[in-house]
Each structure stands twice: as C-alpha cells, then as structure tokens.
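Colleague: Turn this into a structure:
(one chain, ligands or ions: 1)
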Amino acid sequence: MYRLFFVLCLCYGLLGHASSEETTTSVYEHCGNLQLQENIQIKLITGTWYVIEVLQHKTDEKFNEEKFDVPTCPSVFLTLAGSDTDLKLYWNEDLGDVEYLFKIRDRTAPGFWTSSGSQNGTLVQVTSYDQFAGMVYVRKAISNHMVLTFCSPNTQLYSVVLARDKTLDPRDLKSIVNHMHLQKLPITQTKRTCRNSASSARATVWMTTAFCLTYLVWYLQQYK
Ligand SMILES: *[C@@H]1O[C@H](CO)[C@@H](O)[C@H](O)[C@H]1NC(C)=O
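Modeller: As a prediction, the model looks like this:
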C-alpha cells in the first residue's frame, strides 16, 4: 500500500516536472502563453522606475537558481515618443545607459510591445551587450510596481521587477515569484539590484560580533 502511494507520488512528480519543462521550452522558443495585465493605461506607467530584480527564465543554461546582489541601482525612464503607440525606455545605471524603442502594435493590447530598431547608448558599446530584438509583456502594472518580461525567441527570456521607489516590500516580491511558479515560468537566476550595501556591511559586523562572543564563551569554558 505504502509502496503504491510512493510510486504514485513519484509519477506525479515526474509528470509535473516534464510538463513544466515543456511549457518553459515553448515560451522560450516562441514567447507564447505569456499572460498580460489587462486594462493598463500607458500614461499611468510612464515616468521613473527603479530596477529591483532581474529574473532569468532561460533553461538552456544551468544557472542553478542562483541569487545575488549587484552593487548598482538602475533607473528606468519610460515615455511616449511622439505618438501614443511609440514608447521609449531609457535605462540608466553607473556603468552607462541604453535606450530602447518599442511599438504598441495593437491599441487593444497596450501591454504588448515589440522592439523597433536597435538600442543605443554607452552600454551598447561594450562587447558583451546583446541587442534585444523581440517582445515585451507587461505582466503586472500597479501603482507602485510593475513586472516586464522580455522575450526574444530562442535568445532571451527574462523579467524585470520595477518599483516607483528604490525598495519593494518583500511580500510583493514573493507574490511576483509565486505567480511565476504558478505559470510554470522557472526562475534560473535572480539578480538583486538597488540593495543598500550599508545593510550588508552591517550584517558582516553582526556576524563578526556573534562569532567573537561564541568564541569567548567557548574559551572561558575551556579554561575555567
Ligand atoms: C540614441 O539615439 C537617439 C537618436 O540619435 C538620440 O536622440 C538619443 O539620445 C540616443 N540615446 C542614448 C542613450 O545615447
């Protein structure tokens, strides 16, 4: 009885795994099935945003679900460029800047943008820059944060979590990640930006203090 239960669980696990892998592959290959936030108003999402996290969904490279902080805090300035279907996204950080142009092809789906032309800016001049040619999906857009997924068939698949402030409530981040898991979009790498380096320095001080105290207690016990 137990063995049957175990086998059933194992099969279920394997099936679940296979189907999620399949979904990801199909999204990666042709960007299908990515849900859009409905009823967005472009005018409400323009202006300045800060990049809180960059999440990779690619499955061809093994990122091992790594998470790390990068000492940079990019800002993004989104504006309408000329008409109400042309968007300009200006990304600026310490290392340089890059400007993207997008087009809204269908006015009834303002959360779906296609890149128009190539990007320019100082970041583009570095050899490691990959020009983005593909689609952007506004997955979520509410007053204080927004999630954009960039997809270029067979080339790039990542999401950017943006917030109006330089920080975002961990509960909001958690709900974004949960939603991605529900939609079977794996997160293979999490790059955390706009984290104050002072807080990690403080953590180091606390760790050192705790270590020294533990050592002191141990030392006193040995030699009393
Ligand atoms: C990109 O090129 C356009 C047109 O030449 C220019 O107006 C804009 O300032 C450039 N952007 C950056 C970030 O260099």
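
Colleague: And for the helix or strand containing residue 55, what's in contact with it?
Modeller: Element membership for residue 55 (DSSP states H and E) is strand 47-56. The contact list for strand 47-56, computed with C-beta atoms under 8 Å, 6 or more residues apart in numbering, reads 63, 73-79, 91, 93, 145-146, 157-168, 173, 177, 180, 187-194. All C-beta atoms are positioned from the backbone trio N, CA, C, and that covers glycine.

Colleague: Where do the helices of the protein begin and end?
Modeller: In the chain, the helices defined using DSSP state H lie at 2-30, 42-45, 170-182, 197-222.

Colleague: which helices and strands does the third one pack with?
Modeller: This means helix 170-182. strand 47-56, strand 156-163 (3 or more C-beta pairs under 8 Å, 6 or more residues apart in numbering; DSSP states H and E).

Colleague: Tell me which of those strands sits most buried.
Modeller: strand 156-163 (a mean of 22; mean count of other C-beta atoms under 10 Å).

Colleague: Direction included, what does that one pair against?
Modeller: Next to strand 156-163 in the sheet, as set by DSSP bridges, lie strand 47-56 (antiparallel), strand 145-152 (antiparallel).

Colleague: and residue 108, which of the ones you listed is closest to it?
Modeller: strand 145-152 (19.2 Å; C-beta to C-beta).

Colleague: Show me the contact partners of the closest one.
Modeller: Outside strand 145-152, the residues touching it (C-beta under 8 Å, 6+ apart) are 27-28, 31, 34, 45, 49, 52, 57, 132-141, 156-164, 168, 172, 176.

Colleague: make it 7 Å
Modeller: 31, 34, 45, 49, 132-140, 156-163, 168, 172, 176 (C-beta atoms under 7 Å, 6 or more residues apart in numbering).

Colleague: next one: stretch 110-120
Modeller: 36-37, 40, 42, 87, 98-106, 131-138.

Colleague: rerun that using 6 Å as the cut-off
Modeller: With C-beta atoms under 6 Å, 6 or more residues apart in numbering as the test, stretch 110-120 has contacts from 36-37, 40, 42, 98-105, 131-136, 138.

Colleague: and those residues near the ligand, which?
Modeller: For the ligand, the contacts drawn from the contacts of stretch 110-120 by C-beta under 6 Å from any ligand atom are residue 99.

Colleague: thinking again about what came up before, could I have the buried ones of the contacts of strand 47-56 as PyMOL selection syntax?
Modeller: Here is the PyMOL selection string for the buried members of those, based on 16 or more other C-beta atoms under 10 Å:
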select buried, resi 73+74+75+76+78+91+93+145+146+157+158+159+160+161+162+163+168+173+177+180+187+188+189+190+191+192+193+194
